[in-house]
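Enquirer: mind looking at a prediction? Sequence and model below.
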Amino acid sequence: MNKGRKRRILIAKPGLDGHDRGAKVVARALRNAGMEVIYAGLHQTPLQIVNAAIDEDVDAIGLSILSGAHKTIFPKIMTLLKEKGASDILVFGGGTIPKKDRVELTSLGVGEIFTTGTDTHVIIDYLNRTLET
Amino acid sequence: MKKKLSTGEMVSRLLAGDRRAAARLITLVENEMDDHHEVMSLVYPYTGKAMILGITGAGGAGKSTLTDHLIGKFREQGKKVGVVVVDPSSPFSGGAFLGDRIRLQSHSQDDGVYIRSMASRGYLGGLSRATYDVIRIMEAMGNEVVIVETLGAGQDEVDVIHIAHTCLVVVTPGMGDDIQAMKAGIMEIADIIVLNKADLDGTDRSLRHLQGALTAGSFEEGAWMPRVVPTVSTANKPEDLQGIDELAATIAEHQTYLRKTRAIDRVRYDRVEQELGLIFKDELQKIIFKGLKGTGKKREYINSIIEQKNDPYSVVEEVLNTYLLPWE
Ligand SMILES: Nc1nc2c(ncn2[C@@H]2O[C@H](COP(=O)(O)OP(=O)(O)OP(=O)(O)O)[C@@H](O)[C@H]2O)c(=O)[nH]1
Ligand SMILES: [Mg+2]
């Protein structure tokens, strides 16, 4: 008898810039939607994020990126996930990322990128739709 | 798309120390998925040797910060370390915000450390039954030390004191008021009381109170007398940290005591007894409800209680007499 498996989501704020208000807002919203959020906090390296995601057996990694570091961080994370046989983990993001870069990220297998200030319900709906039950 | 490995394959990978397999198996036992019992039967022979260290205490007392340092001490001894951090689930949504990894960062690149955050899932402040199995998976993975961090202690059935061999209770200055400490039952729970944040005002007074409460307590001849270890676990310079070495030494001392006096046998016995009781409770409940459902009686009984034709105790007695006791 499988009781409903809880969704587990890792939320991190990689890069050097120092505030994680946005990430925390999303984390709380996902918690309130019944998900288990592993909050990894600020300044995580891609390797730290991927290791934590694997150890915590999360369904998805949500990255908050404001600094423009998205061009390096997302690809690194996608590569590491692949290397470690964990490409089934969904990667999504939030932040100010130009449209043309988003297309590039999508081609790497990155999921939705939400612009800053997106209603958290949109993110919750997205995760519920995208993640397997 | 998740590759579906057989349960046996997953367990073999776990025994080889594979993190992904460990992580998957923990999810499986945590959610009580179909292969749960099979997994535990396969894993069981590889468990029982690790030292299980409980760290409990009020929110923000410094449990994770101390855990981070203790991981370092065990790694210096060449031991692999598993950590389970349990935080409460939201009683409203069932979700959880698990933020302890932020303070457990020093070893995030070390393959000899495996950290897992767990939500208590309805067990307020306590641990779920799955915690026993999560610890076993960590043991089978090759971890010689398993640390369990949890909020509060003493009020719950599945509790860190029933699970850990050595139990630390972390308090902070001002909380160490003797009446409070006695009330909280700290003295019964703790093998070691850590007075953390010993850099703050009121440390001396708290230390006196705690030590006073301990000497006033009565302990059997030869029994372990809880120790108080003051610590400072955050500092700008490593040399300003205090008490971490003493804490590690006191833990080792308690472990030696457990082995020398064979008190460990008692701890192990109590632990299995407690766990068996919980499994019986859960499994019997499942059997009874399933059986009743099959006969359509479950609804009947529940309605008779709602309509006050019956009370819960009489129903339980009747069910037990009808369906279970005859096979005695
Ligand atoms: N002044 C001082 N602060 C400390 C000390 N140890 C930890 N802290 C701080 O106390 C806060 C809480 O520390 P944690 O280690 O997260 O405490 P915790 O008991 O794990 O907290 P929860 O898991 O939320 O219950 C952090 O801001 C730490 O930096 C200490 O020895 N002195
Ligand atoms: Mg903590």
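Expert: Sure thing, it's come through. Predicted, not measured: the structure shown is a model, and the values here were computed from it. Ligands and ions are numbered 1, 2, ... in the order given.
Enquirer: mind listing the helices for the chain?
Expert: You didn't say which chain, so I picked chain A. Remark: helices assigned in chain A by DSSP state H are A:21-32, A:46-55, A:70-83, A:99-107, A:120-130.
Enquirer: the intended chain is chain B.
Expert: Under the criterion DSSP H, chain B contains helices at B:7-15, B:19-30, B:36-43, B:63-76, B:130-140, B:160-163, B:178-183, B:186-189, B:203-216, B:244-260, B:263-295, B:297-306, B:312-319.
Enquirer: ok, which of those comes nearest residue B:113?
Expert: helix B:63-76 (5.8 Å; Cβ to Cβ). (Each C-beta comes from the backbone N, C-alpha and C, glycine too.)
Enquirer: buried stuff in stretch B:110-124?
Expert: B:112, B:113, B:114, B:115, B:116, B:117, B:118, B:119, B:120, B:121, B:123 (16 or more other Cβ atoms under 10 Å in any protein chain shown).
Enquirer: give me the below-cutoff pLDDT ranges for chain B.
Expert: Across chain B, the ranges flagged by pLDDT under 70 are B:1-3, B:122-126, B:152-158, B:175-185, B:325-328.
Enquirer: what does chain A put close to ligand 1?
Expert: Contact residues, chain A versus ligand 1 (Cβ under 6 Å from any ligand atom): none.
Enquirer: who in chain A is up against ligand 2?
Expert: Proximity of chain A to ligand 2, by Cβ under 5 Å from the ion, involves no residues.
Enquirer: still on that earlier bit, what's the most buried one of the helices of chain A?
Expert: helix A:46-55 (a mean of 22; mean count of other Cβ atoms under 10 Å in any protein chain shown).
Enquirer: tell me what that helix is packed against?
Expert: Counting contacts by 3 or more Cβ pairs under 8 Å, 6 or more residues apart in numbering or on different chains; DSSP states H and E, helix A:46-55 packs against strand A:8-14, strand A:36-44, strand A:60-65, helix A:70-83, helix B:19-30, strand B:113-119.
Enquirer: by how many degrees do it and strand A:8-14 diverge?
Expert: Calculated by axes from the mean of the first three to the mean of the last three Cα atoms, to 10 degrees, helix A:46-55 forms an angle of 170 degrees with strand A:8-14.
Enquirer: by mean pLDDT, which helix or strand of chain A comes out lowest?
Expert: Taking mean pLDDT, DSSP states H and E as the measure, chain A has helix A:99-107 as its least confident helix or strand, at a mean of 85.
Enquirer: other SSEs contacting that helix?
Expert: So helix A:99-107, by 3+ Cβ pairs under 8 Å, 6+ apart, packs with helix A:70-83.
Enquirer: from residue B:281, how far out is the residue positioned nearest the centre of chain B?
Expert: Taking Cα atoms, centre = their mean, the centroid of chain B lies closest to residue B:160, which sits 3.8 Å from it. According to Cβ to Cβ, to the nearest Å, residue B:160 and residue B:281 sit 19 Å apart.
Enquirer: next one: residue B:267
Expert: Separation of residue B:267 from residue B:281 (Cβ to Cβ): 22 Å.
Enquirer: ok, residue A:22 next?
Expert: From residue A:22 to residue B:281 the distance is 44 Å (Cβ to Cβ).
Enquirer: ok, now which ones touch residue 54?
Expert: Looking at chain A here, since you left the chain open. Shown in contact with residue A:54 (Cβ atoms under 8 Å, 6 or more residues apart in numbering or on different chains): A:84, A:86, A:89, B:19, B:20, B:23.
Enquirer: if you could check chain B rather than the one you did, that'd help
Expert: B:147, B:148, B:150, B:153, B:160, B:161, B:163, B:164, B:166, B:167, B:168.
Enquirer: from residue B:73, how far off is it?
Expert: Relative to residue B:73, residue B:54 is positioned 16 Å away (Cβ to Cβ).
Enquirer: domain-wise, how is chain B divided?
Expert: Domain assignment for chain B, taken from automatic domain parsing, gives B:1-46, B:47-261, B:274-327.
Enquirer: CSV for these, including distance to ligand 2?
Expert: Converted to CSV, the domains of chain B look like this (distance: least, Cβ to the ion, whole Å):
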stretch, distance to ligand 2
domain B:1-46, 19
domain B:47-261, 3
domain B:274-327, 25
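Enquirer: tell me which of these lies nearest to residue A:27.
Expert: Across the domains of chain B, residue A:27 has its closest neighbour in domain B:47-261 (6.1 Å, Cβ to Cβ).
Enquirer: from the contacts of residue B:54, which are also near chain A?
Expert: Taking Cβ under 8 Å from any Cβ of the partner chain as the test, chain A is in contact with none of the contacts of residue B:54.
Enquirer: closest to chain A among these?
Expert: Distances from chain A to the contacts of residue B:54, taken as Cβ to the nearest Cβ, are shortest for residue B:147 (14.4 Å).
Enquirer: that closest one against residue B:51, yeah?
Expert: No. With contact defined as Cβ atoms under 8 Å, residue B:147 does not count as touching residue B:51 (9.2 Å).
Enquirer: and the closest residue to chain A within the stretch 201-328 of chain B, how many neighbours?
Expert: Proximity of the stretch 201-328 of chain B to chain A (Cβ to the nearest Cβ) peaks at residue B:286, 8.3 Å away. Residues lying near residue B:286 (other Cβ atoms under 10 Å in any protein chain shown) number 11.
Enquirer: nearest spatial neighbour of residue B:224, chain-adjacent residues omitted?
Expert: residue B:257 (5.3 Å; Cβ to Cβ, 6 or more residues apart in numbering or on different chains).
Enquirer: is it true that that neighbour touches residue B:263?
Expert: Yes. With contact defined as Cβ under 8 Å, residue B:257 counts as touching residue B:263 (6.7 Å).
Enquirer: can you list residues touching both of the two?
Expert: Counting by Cβ under 8 Å, 6+ apart, the residues touching both residue B:257 and residue B:263 are residue B:224.
Enquirer: related to what we said a few turns ago, possible to save the domains of chain B as CSV with distance to residue A:44?
Expert: Supplementary listing: those in CSV, determined by distance: least, Cβ to Cβ, whole Å:
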stretch, distance to residue A:44
domain B:1-46, 17
domain B:47-261, 8
domain B:274-327, 36
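Enquirer: which one of those lies closest to residue A:35?
Expert: domain B:47-261 (4.9 Å).
Enquirer: near ligand 1 at all, that closest one?
Expert: Yes. Legend: contact between domain B:47-261 and ligand 1 by Cβ under 6 Å from any ligand atom is shown at B:59-65, B:100, B:103, B:151, B:196-197, B:199-200, B:232-234.
Enquirer: now, those that are in strands?
Expert: Applying DSSP state E to the residues of domain B:47-261 next to ligand 1, the entries found in strands are residue B:151.
Enquirer: hey, what's residue A:64 bridged with?
Expert: residue A:94 (DSSP bridges).
Enquirer: what number of residues are in the vicinity of it?
Expert: For residue A:64, using other Cβ under 10 Å, the count is 25.
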